[in-house]
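Student: Return a 3D structure for these sequence lines:
(4 chains)
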Number of protein chains: 4
Amino acid sequence: MKTGRLEAFSDGVLAVAITLLVLDLHLDVSAGHAAISTQLREEWPSFAAYAVSFFFIGVMWVNHNAVLALAVRVDRALLFYNLILLMFVATVPFTTSTFAGLMRDGGSDARWAVLLYAISMEGMAISFGLILHRIVRHGLLGQPVGEAEARSAIRRFGLGTLAYPIAALIGLLSPPAMLVAYLALAAYYMVEHTAILPSQVDADPA
Amino acid sequence: MKTGRLEAFSDGVLAVAITLLVLDLHLDVSAGHAAISTQLREEWPSFAAYAVSFFFIGVMWVNHNAVLALAVRVDRALLFYNLILLMFVATVPFTTSTFAGLMRDGGSDARWAVLLYAISMEGMAISFGLILHRIVRHGLLGQPVGEAEARSAIRRFGLGTLAYPIAALIGLLSPPAMLVAYLALAAYYMVEHTAILPSQVDADPA
Amino acid sequence: MKTGRLEAFSDGVLAVAITLLVLDLHLDVSAGHAAISTQLREEWPSFAAYAVSFFFIGVMWVNHNAVLALAVRVDRALLFYNLILLMFVATVPFTTSTFAGLMRDGGSDARWAVLLYAISMEGMAISFGLILHRIVRHGLLGQPVGEAEARSAIRRFGLGTLAYPIAALIGLLSPPAMLVAYLALAAYYMVEHTAILPSQVDADPA
Amino acid sequence: MKTGRLEAFSDGVLAVAITLLVLDLHLDVSAGHAAISTQLREEWPSFAAYAVSFFFIGVMWVNHNAVLALAVRVDRALLFYNLILLMFVATVPFTTSTFAGLMRDGGSDARWAVLLYAISMEGMAISFGLILHRIVRHGLLGQPVGEAEARSAIRRFGLGTLAYPIAALIGLLSPPAMLVAYLALAAYYMVEHTAILPSQVDADPA
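Tutor: Numbering: from 1, shown residues only, chains lettered A, B, ... in the order given. As a prediction, this is how the structure comes out:
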C-alpha cells in the first residue's frame, strides 16, 4: 500500500484534533456575566494550555510528516501503530481542557489532571517511536539509512519517551511548570529532529 | 470519474467522525465537582467505548482504503453506497456516547443503547459489503481478480454482516461483553482482510 | 491556479459540515432521564432531518466533484462563488437542528424554521449554479462543451433554484412533507445530473 | 520537504476552523423558548459575525494558496510560521463567538471583545506576512521574482498588518463598523492580491 492515503487520513485527524482545541476556549457572555477582564485573568490556564497543546500537536505533525516521507510502503503494523498514535492525538482536546480546568485546584484533582495530560503525551511519544522504528527497521524506507544514523534517530525520538514522564513529574509539583516543560520539548523537536532525518537520507546516497 | 476525490472526501468524513468521538469524553471541572478519581471510575464506559469505536472506525478506514485501491473507476451506485457508509460512520459519535451513558443502566434503556450502537455497526458493514461487491462485480477494478478470490473476499466481509448482530445479541446480555466482541471483530479485520485483498490482485496478473 | 487545492479545501468543508450534523443527534442520558424509547419517538424529526441533510450535502459533493472535474483552471470569481457555496453548506448543521427542533411546533416558529432551512438550500443552489455557469461560460473548461449541452446542463441545475422554493412552500403547509421533497430533489440530482455532465464532454471531442 | 502535505494540513485546519464557526449560530428551541422572529432579531450579530469571519478565513485560504503555490520547498522556519498562522486561524470561532455575544454590551466588555477579535486578525496578518517574506526572501521560490515585484507584494500584504489595528480602533467606537471594515479588507485581498502574485511570476520568466 502507498503512503498517500495514510498521510491524508493522518493529516485529517491531526487537523481536526488541533482545531477542536478551540472548543476549550470560552468566556461567559450570558446575561449577568462577570467582567470579561476578570474572566480573562481567571481563564489564562485555558489560553496557555491551548497554545502549548496546539504547538505540541503541530510539531508532532511536522515530525510525522518527516518520518512518513522516508517511507515508500506501508504495512499493517505501521497502520496499526499510526491508529494508536491518532487515538492519543485525538484525546488531547479532552486532556487539555481537563488540565486547564483543574491546574489551579491543587490536591489530588490537579495531580489526576497532570497524569491524564501526561498519558496523552506519552501515548503519542511511544506510538511515534514505534512508527519510526517500524519504518527504519522493517524495510519500508525509500532509501537505505546508515546504521549509525538510524540508531541515532531512534535514540533521539526515544529520548522524548523518557523526557515526557519527567515533565509529568514536574507537573506534580507545579502544573504551570509542566506546560513550560512540554513547550520546551516541542520546541526541541521542532528545531532538532526534523532537520536530522532528511539529512540522514541525503548523507547516505547508497 | 476517478477515485481521488472520493477517497479525499471519505478520508475527511472518517477523520472528522473519529476525532469527534473525543467530545464524548468529559469530566466535570466546575466549582463543587466530584473528585476526579471518582469521576474517572464512574466514566470508564466512556473511555472504553471511545477506544473501541476509534479502533473500529480506524479499521474501517484501513479496509476502505484497501478496497478503493482496487478500483480505477467510480460509478454512481458506488458513490451512493459510499454516502450511505459515511452516513453510518458519522453516527458513531452519537451512538457511542449514548451507549457509554446507558450501558450500566440495565433494563430497556441499555437494550436500546445496544441496539443503536449495533445499527451504526451493521449499517457500516452492509454498506461496506455493497461497495466491495460493486467494485468487484461491476468492472470497476484496475486488474481482474480471480473468481475464487473475489467470492472469498466478498464472503469474508459478508461474515461481518452476520457477526455484528451476534455481538449485539451478546450486548443484550452484557453491554461490556459487546464492546469486547466489537473490539475482537475489528482486530480480526485489521489482521486478516487487508492482507487478502492486495494479494489477490498480485496473485492474478491476468 | 490549478483546481487541486480548491477541491481539497471544498472537500474539507463539506466533510466537516456533513459530519457536524451528528451533533444535532442527542438523547438525554443524565440521571432521571425519560425512557429512551420515548425519547426516540419524540426525537424522530432529528433523525429524519439528519438523514435528509446528510444526503443533500452528499449529493452536492457528488455534483461539485463532477463540475470541478470539467475545469482545468480556477479564476477569482470561481473562488468567490465557491466560498459562498461553502458558507451556505456550513450553515446546514444549524438550520437542520433548528428545523428538527421546531418542525412540530406549528405556528410562526415552524414557518421561520422552514424558511431558514430553505435559505440554506437555496443559497447552495444559487451559488452552485454560479459555479457551473462560470466554468462553462468563462473558458475554464478542459474540453469545449457543445452549446446545446452547455445550455441544457445550466438549465437543469437552474431548475433546482426554482424547485427548492417550491419545497419551502410545501414546508409552510407541512414541514415533514418538505423533508420528503428535498430528499426527492437530492435523489433526482444523484441519478440524473452527475451522468449528464461527463457524457456531454465525451460527446464533444472537439 | 515538499509543499504537498503542508498544504493538505493547512487546508484541513482552515476547513475545520471555518466550519466550526457554525457552532456560534444557535437558536433556543427548548420548551418555552422566545419567538424565533424575536431571537433572530436579537441574534443578528452572530449571523453578521459568522459571515464576516467565514469570508475572512476564506480569503486567507485563497491567499495562502496563492503564496504556497509560489514555493517549491519548505523549510523549518516556514513550517513554524505556518503553525503560528494556523494557531490564530483556529481561534477565530472563539473570538467571533465572543465578539458576537458582547458587541452590543457597550463598555469595557465590548472593548475586550473587539480586542480579542483584532488579536485573531492581527495574528493571522503578521504570520502570513512572515510566510510570504520567508518564501520570497529565502530561496523557497520555484521561479525567481523580480526585486520590485517582491517588494511590492510584501508591502501590500504588510499593509494589512497596519490596516487591521485601524479596524480595531474603529471597533472601539462602533463594533458593527469594525465588522464592515474587516469585510472591506477581506474583499480587497480577495480582488487585489491573489491576482498580483501569479502575474509577478509570469512577468519574470528569468
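Student: so where do the strands sit in chain A?
Tutor: Remark: strands of chain A are absent; assignment by DSSP state E.
Student: Contact residues of it facing chain B?
Tutor: By the rule CB under 8 Å from any CB of the partner chain, the part of chain A lying against chain B is A:1-2, A:5-6, A:8-9, A:11-13, A:15-17, A:20, A:23, A:76, A:79-80, A:83, A:86-87, A:90-91, A:93-94, A:97-98, A:101-102, A:108-109, A:112-113. C-beta: built from backbone N, CA, C; applies to glycine.
Student: Is it possible to mark the buried ones in these?
Tutor: Buried by 16 or more other CB atoms under 10 Å in any protein chain shown: A:1, A:5-6, A:8-9, A:11-13, A:15-17, A:20, A:79-80, A:83, A:86-87, A:90-91, A:93-94, A:97-98, A:101-102, A:109, A:112-113, out of the residues of chain A next to chain B.
Student: excluding its backbone neighbours, what's nearest A:A34?
Tutor: The spatial neighbour of A:A34 that comes closest, neighbours along the chain excluded (CB to CB, 6 or more residues apart in numbering or on different chains), is A:D28 at 6.6 Å.
Student: so where is chain A shaky, pLDDT-wise?
Tutor: A:1, A:192-206 (pLDDT under 70).
Student: Show me the helices in it, by range?
Tutor: Secondary structure of chain A (DSSP state H): helices at A:4-20, A:36-42, A:44-70, A:76-102, A:107-137, A:147-173, A:175-191, A:193-203.
Student: The fifth one and chain D, are they touching?
Tutor: In this case it means helix A:107-137. No: using CB under 8 Å from any CB, helix A:107-137 never reaches chain D; the gap is at least 15.3 Å.
Student: Show me which residues of stretch A:162-170 are buried.
Tutor: So, applying 16+ other CB under 10 Å, buried residues of stretch A:162-170: A:A163, A:Y164, A:A167, A:A168, A:I170.
Student: Chain neighbours aside, what residue packs nearest to the first one?
Tutor: The reference is to A:A163. Excluding the flanking residues, the one nearest A:A163 by CB to CB, 6+ apart is A:L185, at 5.7 Å.
Student: for A:F55, what are its contacts?
Tutor: Shown in contact with A:F55 (CB atoms under 8 Å, 6 or more residues apart in numbering or on different chains): A:L183, A:A186, A:A187, D:L83, D:M87.
Student: who touches the last one in this structure?
Tutor: Contact criterion CB under 8 Å, 6+ apart gives A:A51, A:F54, A:F55, A:G58, D:G123 as the residues in contact with D:M87.
Student: Relative to C:I131, which of these is nearest.
Tutor: Among these, D:G123 lies closest to C:I131 (CB to CB), at 31.5 Å.
Student: Please compute how far stretch A:162-180 lies from its chain's middle.
Tutor: Its chain's C-alpha centre and that of stretch A:162-180 lie 15 Å apart, by CA atoms, centre = their mean, to the nearest Å.
Student: Could you export that stretch as CSV, keeping only the C-alpha atoms?
Tutor: Coordinates of the C-alpha atoms in stretch A:162-180 are reproduced here as CSV (Å, rounded to 0.1, in the frame of the first residue of the first chain):
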residue,chain,number,x,y,z
LEU,A,162,11.8,9.4,28.7
ALA,A,163,11.5,13.2,28.9
TYR,A,164,7.7,13.4,28.9
PRO,A,165,7.3,11.5,32.2
ILE,A,166,9.9,13.8,33.7
ALA,A,167,7.7,16.7,32.6
ALA,A,168,4.8,15.0,34.3
LEU,A,169,6.8,14.7,37.5
ILE,A,170,7.5,18.4,37.3
GLY,A,171,3.7,18.8,36.9
LEU,A,172,3.0,17.1,40.1
LEU,A,173,5.0,19.9,41.8
SER,A,174,3.9,22.7,39.6
PRO,A,175,1.3,22.3,36.8
PRO,A,176,2.3,25.6,35.0
ALA,A,177,5.9,24.4,35.0
MET,A,178,4.8,21.3,33.2
LEU,A,179,3.3,23.4,30.5
VAL,A,180,6.6,25.2,30.1
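Student: what does that stretch contact?
Tutor: By CB under 8 Å, 6+ apart, stretch A:162-180 touches A:45, A:48-49, A:52, A:99, A:103-104, A:110-111, A:113-115, A:117-118, A:121-122, A:125, A:181-182, A:185.
Student: Just the buried ones from the residues you listed, in ChimeraX syntax?
Tutor: Buried members of these, defined by 16+ other CB under 10 Å, are picked up in ChimeraX with:
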select /A:45,48,49,52,99,103,110,111,113,114,115,117,118,121,122,125,181,182,185
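Student: Now tabulate the contacts of D:M87 in a markdown table and tack on distance to D:L132.
Tutor: Formatted as a markdown table, the contacts of D:M87 follow (distance: CB to CB, whole Å):
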| residue | distance to D:L132 |
| --- | --- |
| A:A51 | 23 |
| A:F54 | 22 |
| A:F55 | 22 |
| A:G58 | 20 |
| D:G123 | 15 |
